[in-house]
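Participant: any chance you could fold what I've pasted below:
(2 chains)
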Amino acid sequence: MTSKTKAPLGPGEQRTRQRRRTQMIYLGVAAVIGGTIGGMTGFFDQGDGNIFGGDWESVKLPPAVALLAAAGFLAALLALPLYGFRMIDDYKRERNLIAFTGGCLSVLAGYPMWAALHAGGFVPAPHAFGMFAIAYVSMIVAFLYARWRL
Amino acid sequence: MKNRLKVLRAERDWSQAELAGRLDVSRQAVNAIETGKHDPSLPLAFRIARLFDMRIEDIFDDGELA
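Facilitator: As a prediction, the model looks like this:
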């Protein structure tokens, strides 16, 4: 029988593992908040609207659930990212800034483009969720570009 | 920017994770610096220099000095 003894972790590796655990907790909290908002809004949805189609008039939620969802979005899309920015190092911050820049520029260019195309009769009128989706998807694409190419 | 980080790390038999922890950065950051994909900030460059007890210019080379 052979016994494989692992070399004890150095102080640096211990710190790295601790950093990774913190990141996992961060992602877990984000996932729980996201899941809670999604589940809650799906469960309490009272209307026939569809935010993907911009059908806002028919989207209905109980006021208390709406307030909770808004608080959840504030935590998930503002507080957590700001907290995360303070936790990460320069390298990851640079990649995240590239991602945010990608999202921001896409909105700046996307809205007038969409409006012009709508004016020409090519597409429906710009709506809020569409702009949100453009920003979100562009941010992810820019992040992936920064991650794999830079 | 070229640097000797990988060599210095190997001399001490440290993994990237070990060096990352000692510098308080992510392992990906160490990898990116070693491969020249990312230039460290000045505070991080100082931390690296202090960790290896060297001067910054002994570790990093911007190609300006012949």
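Participant: and the residue of chain B found nearest chain A, how many neighbours?
Facilitator: Residue nearest to chain A within chain B: B:Gly21 (3.1 Å; C-beta to the nearest C-beta). (Glycine included, C-beta is placed from N, CA and C.) Counted with other C-beta atoms under 10 Å in any protein chain shown, the neighbours of B:Gly21 add up to 25.
Participant: same check, this time on B:Val25
Facilitator: Neighbours of B:Val25 under the rule other C-beta under 10 Å: 26.
Participant: cool, and A:Gly12?
Facilitator: Neighbours around A:Gly12, by other C-beta under 10 Å: 22.
Participant: could you do the one 3 residues further on as well?
Facilitator: Burial of A:Arg15, expressed as a neighbour count using other C-beta under 10 Å, amounts to 19.
Participant: which element is it on?
Facilitator: Secondary structure assigned from DSSP states H and E places A:Arg15 in helix A:11-44.
Participant: name the residues that touch the helix or strand that comes right after that helix?
Facilitator: Past helix A:11-44, further along toward the C-terminus, the next helix or strand under DSSP H and E is helix A:63-74. Outside helix A:63-74, the residues that touch it by C-beta atoms under 8 Å, 6 or more residues apart in numbering or on different chains are A:Ile33, A:Thr36, A:Ile37, A:Met40, A:Thr41, A:Phe44, A:Leu61.
Participant: and helix A:63-74, what's its mean pLDDT?
Facilitator: The average pLDDT within helix A:63-74 is 91.
Participant: starting at the chain centroid, how far to it?
Facilitator: Helix A:63-74 has its C-alpha centroid displaced from the chain centroid by 17 Å (C-alpha atoms, centre = their mean, to the nearest Å).
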